[in-house]
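>>> Pasting a predicted model and its sequence here:
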Amino acid sequence: MQAALYIESEPIKIADGAYLLQGFVSRFESGFDQRLLDAIEAVRLQAPFRHMVTPGGYTMSVAMANCGRAGWVTDRKGYRYSEIDPTTGLPWPAMPEVFLQIAQSAALAAGYQDFVPDACLINRYEPGARMALHQDKDEQDATAPIVSVSLGLTATFMFGGLQRTDKAKRFKLEHGDVVVWGGTSRFNFHGIAPLKTSMHPLLGEQRINLTFRKALADSP
Ligand code: MD3
Ligand code: FE
């Protein structure tokens, strides 16, 4: 018998409850990255990317859009989840089926069953865009993991501890990498270093990150 040609890469544990699934998108199904990009194009027609303002008055360098029942927003009044897109006054576009598929399979591969995200934040980085160290604390269900999918240019991810001053480890997130953040890692400080200029064959000079969350306590 022939040896297996296909070697399933193991999830790499990066912290308590956090697993890096390298190249998960392309191993999930060949060409699935393009299906995700097509779905992003459909979402952005209804909910355009925009640079939101922080409560402190800074305009974010990352452009954002959302889909699903709830979307993460920030303005001078604060950070929160909203079921209405403040830019259009309409509900956010529905979560595309391919988004749900990749999020649920990745969660399962990392040992989290029954992950049903009700929110997907879509972050678009152009060269120089960054995300300062922060914690994700606006979700009402702290037991659900967060699943992140990286597409396009490689970014340097900074992963700290539970205190802002804990030293952050750095590692690369490449096109097709998925990370599942559960357990105590769910509340670790994290961020993205300024994106370096480069060219990606599918996305050009940009990186897109999808984060799937269970934001509302009363969704199934
Ligand atoms: C670790 N996004 O949207 S993804 C965010 O690449 C965010 O756009 C980054 O941080 C990005 O909030 C990082 C990886 C990530 C996402 C959520 C986490 C890491 C996380 C939540 C808890 C701990
Ligand atoms: Fe975050």
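Cool, the structure landed. Ligands and ions are numbered 1, 2, ... in the order given.
>>> Burial check on residue 185, number of neighbours?
Residues within reach of residue 185, counting by other CB atoms under 10 Å, total 22. No exception for glycine: its C-beta is placed from N, CA and C like everyone else's.
>>> what do you get for the one 5 residues further on?
Residue crowding around residue 190 was assessed by other CB under 10 Å; the count is 22.
>>> so what's it bridging to?
Beta-bridge partners for residue 190, by DSSP bridges, are residue 134, residue 159.
>>> And it, how far from residue 146?
Taken as CB to CB, to the nearest Å, the spacing of residue 190 relative to residue 146 amounts to 10 Å.
>>> How far off centre is stretch 212-220?
The chain centre lies 15 Å from the centre of stretch 212-220; the measure is CA atoms, centre = their mean, to the nearest Å.
>>> Now do that stretch: distance from first to last residue.
15 Å (CA to CA, to the nearest Å).
>>> That stretch vs ligand 1: in contact?
No. Looking at stretch 212-220 against ligand 1 by CB under 6 Å from any ligand atom, there are no contacts, and the closest approach is 8.1 Å.
>>> Counting neighbours, which bits of that stretch end up buried?
Residues of stretch 212-220 classed as buried by neighbour count (16 or more other CB atoms under 10 Å): 212, 213, 214, 215, 216.
>>> my guess is the second one contacts residue 146, does it?
Yes. When contacts are counted by CB atoms under 8 Å, residue 213 is listed as touching residue 146 (5.3 Å).
>>> Give me the common contacts of the two.
By CB atoms under 8 Å, 6 or more residues apart in numbering, residue 213 and residue 146 have these common neighbours: 136, 139.
>>> does the residue nearest to residue 29 when sequence neighbours are not counted sit in a helix, a strand or a coil?
Closest residue to residue 29 apart from its sequence neighbours, by CB to CB, 6 or more residues apart in numbering: residue 35 at 7.8 Å. Under the three-state scheme (DSSP: H, G, I helix; E, B strand; the rest coil), residue 35 adopts helix.
>>> What of the one 4 residues further on?
Under three-state DSSP, residue 39 falls in the helix class.
>>> what about it, how many residues close to it?
If you count neighbours by other CB under 10 Å, residue 39 ends up with 21.
>>> Let me see the contact set for it.
Counting by CB under 8 Å, 6+ apart, residue 39 touches 96, 98, 99.
>>> Kindly recompute the last result at 10 Å.
Residue 39 sits next to 67, 93, 95, 96, 97, 98, 99, 102, 120, 122, 210 when contact means CB atoms under 10 Å, 6 or more residues apart in numbering.
>>> what residues are shared contacts of residue 190 and residue 146?
Shared contacts of residue 190 and residue 146, counting by CB under 10 Å, 6+ apart, come down to 18, 136, 179, 181.
>>> Which residue, neighbours along the chain excluded, lies closest to residue 169?
Of all residues not flanking residue 169 in the chain, residue 159 sits nearest, at 5.0 Å (CB to CB, 6+ apart).
>>> residue boundaries of the strands in the chain?
For the chain, strands defined by DSSP state E occupy the ranges 12-15, 18-21, 63-68, 71-75, 78-82, 119-125, 131-134, 146-152, 155-159, 169-173, 178-181, 190-192, 207-213.
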